[in-house]
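J.: Starting from these lines, generate the structure:
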Amino acid sequence: MKLNEKLIEQRKAKKLTQVKLAELAGVTRQAVSRWEVGDAIPSIDNLKYLSELYSVPVDYFLNHSEPEKKEKLEVRNEPIQVKGRKENRKKYLWIVGMLIGFLLIAVPMFQAGHNGRSGNTLTMSEIEREEVVSEVEGGFGFER
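T.: As a prediction, this is how the structure comes out:
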């Protein structure tokens, strides 16, 4: 049910005219008419007043559903079973473990590659120095 239909229904249930409702709400009769035709929407303050006047919650006007009828709740002393909670926890722990394992492997590899030098890497100046050293030491031993 739409807001304007709810407003009409509640006003008629209280046996109020648009004029009388306008006086009670402190608005013009034309404002009430625009609400009920659907051309305008009551302000929050007016909705609050109407909900008190009609003894319905403000949500009744805001939602397109019927008012909930209060049902008698029964109390049961049964344990609540949450399905899948343990399974979700296992999945979560597995994912966290995989991330930690990945980080334990990836971070040292990343750092080794970015420290400027890893075990098998030589800079150009080191290569040139080794050539000079090898010439000083007598070459490679292939000379006749």
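J.: Can you say which helix or strand has residue 15 in it?
T.: Counting by DSSP states H and E, there is no helix or strand that carries residue 15.
J.: Give me the pLDDT value at it.
T.: pLDDT for residue 15: 93.
J.: same check, this time on residue 140
T.: What the model reports as pLDDT for residue 140 is 57.
J.: So for the lengthiest helix in the chain, mean pLDDT?
T.: What stands out as the longest helix in the chain, according to DSSP state H, is helix 85-114. Taken as a whole, helix 85-114 has an average pLDDT of 84.
J.: now stretch 33-44
T.: Stretch 33-44 carries an average pLDDT of 90.
J.: what about residue 9, which helix or strand?
T.: Per DSSP H and E, residue 9 falls inside helix 3-13.
J.: for that helix, packing partners?
T.: helix 29-37, helix 44-54, helix 58-62 (3 or more CB pairs under 8 Å, 6 or more residues apart in numbering; DSSP states H and E). Where C-beta positions appear, they are placed from N, C-alpha and C, glycine not excepted.
J.: Could you look up the next helix or strand downstream of that helix?
T.: Next element after helix 3-13 (DSSP H and E): helix 18-25.
J.: With just CA atoms, put that next one into CSV.
T.: What follows is the C-alpha trace of helix 18-25 in CSV, where atoms were taken according to Å, rounded to 0.1, in the frame of the first residue of the first chain:
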residue,chain,number,x,y,z
GLN,A,18,-9.3,16.6,5.8
VAL,A,19,-10.3,20.0,7.4
LYS,A,20,-10.2,18.6,10.9
LEU,A,21,-6.9,16.7,10.3
ALA,A,22,-5.4,19.9,8.9
GLU,A,23,-6.4,21.8,12.0
LEU,A,24,-4.9,19.1,14.3
ALA,A,25,-1.7,18.9,12.3
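J.: So which other helices or strands are in contact with that helix?
T.: So helix 18-25, by 3+ CB pairs under 8 Å, 6+ apart, packs with helix 29-37, helix 44-54.
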